[in-house]
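J.: Any chance you can model this:
(2 chains, ligands or ions: 2)
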Amino acid sequence: MFETGWNILNYLTQGLGTTLSIFLTATAFSFLMAFIAGLSRLSGNILIRGVTAVYVEVFRGTSLIVQLFWLYYAVPMLFNINLGSNWWVGVIAIALNYGAYMSEVVRTSVLSVDKGQTEASIALNLTRYQRMKEVILPQAFRLMLPEFGNYSIQILKGTALVSLIGLTDILYFGDIYRSTNLSEGPLAYLMVLIMYFIIALPLIWLSKKGEKIARRGVAS
Amino acid sequence: MMEPIVQYKNVHKSFGDTHVLKGINLDINPGEKIAIIGPSGSGKTTIIRLLMTLEEPTDGDIYVAGKNLWKIEKNGKKMPANERHLASVRKDIGMVFQHFNLFPHKTILDNCAMPLIKVKKMKKSEAREMSKQMLDRVGLGDKYDAYPSNLSGGQKQRVAMARALVMRPKIMLFDEVTSALDPELVGEVLEVIRDLAENASMAMVLVTHEMDFALEIADRVLFLDEGIIAESGTADEVINKSDNPRLQNFLKRFRA
Ligand SMILES: Nc1ncnc2c1ncn2[C@@H]1O[C@H](COP(=O)(O)OP(=O)(O)O)[C@@H](O)[C@H]1O
Ligand SMILES: [Mg+2]
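T.: Residues are numbered from 1 along each chain as shown, chains lettered A, B, ... in the order given. Ligands and ions are numbered 1, 2, ... in the order given. This is a model prediction of the structure:
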């Protein structure tokens, strides 16, 4: 049994590249979306605020799997837009979905920086942009770290959905293995779990570290 | 006759239904040291926050070096000031806050040097050199690389003063800068202000409850009461010669 387990693990590594590449790219774009949307919701421009609010609420209010199917099946047919390969469809769906959630982290973190910080930067005559970049964001960023860590673990788990649009990730190879070795099904899925957990370990470690930094962070 | 550097003309400020400032008229001359005293809630903080552009008046005008702070003229019409106009007026004004408001993620040297580099576009080395001199002047020459969280309240407030001073304002505003400090740390902060009052050419406006200190350094004392300047004059005139009962009542609490 031990050997079988090892063999399955080896088999699953065929999907490791897809899982990791989707995870890393989607995480990077989620962070980007989070900052764009989070800061847009704090904009003085009501139009920008409104459009962003609609985006955030729509993507938070519907499930990732439905969004994935939308982008994969519906959008190309309805709007004749080609989003590129399945891989890109997966990345875009995950980034839009988690970007929406994480934009709330960005927004609330920025708002929770002490108002005295903004007032001191106004008194020193920093521009709006400089206030954000030099004073507010560096402090808000520390507050964001633990949540960002948690969301990166969720994104990793979310990537498993891309097997549903035909991408050959870890779960996909788990499914294949089980369908050809039916009696080893439970063991196959146990190995899938273990594999995801191993990838998540550094992320768990990072978010713990983020929590420490956040606690140590602010207050003058 | 000197041209005043700041003029308040019939300035009003309300927060919702609360009418806080009810027609402030005040000229501040270049280099003048003014102390504002008055009961809590009388609008002292609000007066200086308006000048620092942290609040906008609901009525009236404030002029700084002849320029209308909150209004610009466009095609002969008065319009609300834009950020660029505010910045051009604000460069002459500095402020020290009750709760320091240092940047906790920067060393105290960078707290001082960053605005010089970003706002005054100074070279890094030059900004750091100037900041060091200013920190030396407020007695923190051994703390350049410390973070604010490792300083005492008195040290933090001295950094905050250095940070404001190094920008070379023509008017410095102090909002109860010692009231958040432990009593034994008040002296070191007042010492810095005294040094400035005696040696610096900028105008200073001090909101303070340190009555004796205010009277010692101020050219003029204003007694603010329920949103109006109820008394104004030299320390001697206001403190010893006024028979305003509300002022007498207010002062009594400091003469226990
Ligand atoms: N941002 C604000 N919103 C609402 N009310 C305010 C605000 N700032 C000040 N006030 C009110 O204005 C009055 C004067 O405040 P302040 O200028 O801070 O007085 P002081 O500094 O003399 O104690 C107080 O009643 C205070 O509650
Ligand atoms: Mg006050």
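J.: from here on, contacts and neighbour counts on C-alpha atoms
T.: OK.
J.: Number of residues surrounding residue 128?
T.: No chain was given, so I picked chain A. For residue A:128, the count of nearby residues is 12 (other Cα atoms under 10 Å in any protein chain shown).
J.: that answer is for a different chain, and I need it for chain B
T.: By the criterion of other Cα under 10 Å, residue B:128 has 20 neighbours.
J.: any idea which element it lies in?
T.: With elements taken from DSSP states H and E, the one containing residue B:128 is helix B:124-137.
J.: Kindly report the same for residue A:37.
T.: Element membership of residue A:37 [criterion: DSSP H and E] is helix A:16-40.
J.: what comes into contact with the helix holding residue B:128?
T.: With Cα atoms under 8 Å, 6 or more residues apart in numbering or on different chains as the contact definition, helix B:124-137 has outside contacts at B:109-110, B:112-114, B:116-117, B:141, B:144, B:159, B:162-163, B:165-166.
J.: of those residues, buried ones?
T.: Neighbour counting by 16 or more other Cα atoms under 10 Å in any protein chain shown classes B:109-110, B:112-114, B:116-117, B:144, B:159, B:162-163, B:165-166 among these as buried.
J.: List the contacts of residue A:19.
T.: Shown in contact with residue A:19 (Cα under 8 Å, 6+ apart): A:156, A:159, A:160, A:169, A:170.
J.: Now the element after the helix or strand where residue A:108 lies, going C-ward?
T.: Using DSSP H and E, the element containing residue A:108 is helix A:86-112. Next helix or strand after helix A:86-112 toward the C-terminus (DSSP H and E): helix A:115-123.
J.: and the very next helix or strand once past the helix holding residue A:37, what's its mean pLDDT?
T.: Note on helix A:16-40: by DSSP H and E, the next helix or strand toward the C-terminus is helix A:46-61. Per-residue pLDDT values across helix A:46-61 average out to 93.
J.: can you check stretch A:182-196 too?
T.: On average, the pLDDT along stretch A:182-196 is 86.
J.: Tell me which residues are up against that stretch.
T.: By Cα under 8 Å, 6+ apart, stretch A:182-196 touches A:5, A:8, A:9, A:12, A:156, A:157, A:170, A:171, A:174, A:177, A:178, A:179.
J.: neighbours around the closest residue to chain A within the stretch 1-150 of chain B, how many?
T.: Among all residues of the stretch 1-150 of chain B, residue B:104 sits closest to chain A, at 4.8 Å; criterion: Cα to the nearest Cα. By the criterion of other Cα under 10 Å, residue B:104 has 20 neighbours.
J.: hmm, who's touching the lowest-mean-pLDDT helix or strand in chain A?
T.: Of all helical and strand segments in chain A, the minimum by mean pLDDT, DSSP states H and E falls on helix A:75-79, at a mean of 78. Here helix A:75-79 makes contact (Cα under 8 Å, 6+ apart) with A:81, A:82, A:83.
J.: Pipe these into TSV and attach distance to residue B:40 per row.
T.: Output for the contacts of helix A:75-79, formatted as TSV (distance: Cα to Cα, whole Å):
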residue	distance to residue B:40
A:81	64
A:82	66
A:83	63
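J.: So which of these belong to strands?
T.: Members of those lying in strands (criterion: DSSP state E): none.
J.: Is residue B:223 part of a helix or strand, or is it coil?
T.: strand (DSSP: H, G, I helix; E, B strand; the rest coil).
J.: need the contact list for it.
T.: Neighbouring residues of residue B:223 by Cα under 8 Å, 6+ apart: B:36, B:37, B:38, B:229, B:230, B:231, B:232, B:238, B:247.
J.: before we move on, the earlier item: name the member of the contacts of helix A:75-79 with the most neighbours.
T.: In terms of neighbours by other Cα under 10 Å, those top out with residue A:83 at 15 neighbours.
J.: Now that residue. Nearest residue, chain neighbours left out?
T.: Nearest in space to residue A:83, with sequence neighbours left out and distances taken as Cα to Cα, 6 or more residues apart in numbering or on different chains, is residue A:89 at 6.1 Å.
J.: Would you confirm that the one you found contacts residue A:81?
T.: No. With contacts counted by Cα atoms under 8 Å, residue A:89 stays clear of residue A:81, the gap being 11.4 Å.
J.: Switch the contacts of stretch A:182-196 over to a markdown table; also include distance to ligand 1, secondary structure and neighbour count.
T.: As requested, these are arranged in a markdown table below (distance: Cα to the nearest ligand atom, whole Å; DSSP: H, G, I helix; E, B strand; the rest coil; neighbours: other Cα atoms under 10 Å in any protein chain shown):
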| residue | distance to ligand 1 | secondary structure | neighbour count |
| --- | --- | --- | --- |
| A:5 | 65 | helix | 15 |
| A:8 | 64 | helix | 22 |
| A:9 | 61 | helix | 19 |
| A:12 | 60 | helix | 23 |
| A:156 | 44 | helix | 22 |
| A:157 | 45 | helix | 15 |
| A:170 | 55 | helix | 27 |
| A:171 | 55 | helix | 26 |
| A:174 | 60 | helix | 25 |
| A:177 | 65 | helix | 18 |
| A:178 | 65 | helix | 18 |
| A:179 | 66 | helix | 12 |
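J.: Of all pairs in those residues, which one is the farthest apart?
T.: Pairwise distances across the contacts of stretch A:182-196 peak at 24.1 Å for A:156 and A:179 (criterion: Cα to Cα).
J.: So residue B:197 sits against residue B:214, correct?
T.: No. Counting by Cα under 8 Å, residue B:197 does not reach residue B:214; the two are 10.6 Å apart.
J.: Looking at the two, which has the bigger crowd around it?
T.: More neighbours surround residue B:214 than the other of residue B:197 and residue B:214, with 23 against 19 (other Cα under 10 Å).
J.: Make sure that one is indeed in a helix.
T.: Yes. Looking at residue B:214 with three-state DSSP, it is inside a helix.
J.: what about chain A, any weak spots by pLDDT?
T.: In the predicted model, chain A carries pLDDT under 70 at residues A:1, A:216-220.
J.: Mind doing that once more with 90?
T.: Within chain A, the stretches with pLDDT under 90 are A:1-19, A:43-45, A:68-87, A:89, A:142-143, A:145-147, A:161-170, A:172-192, A:203, A:206-220.
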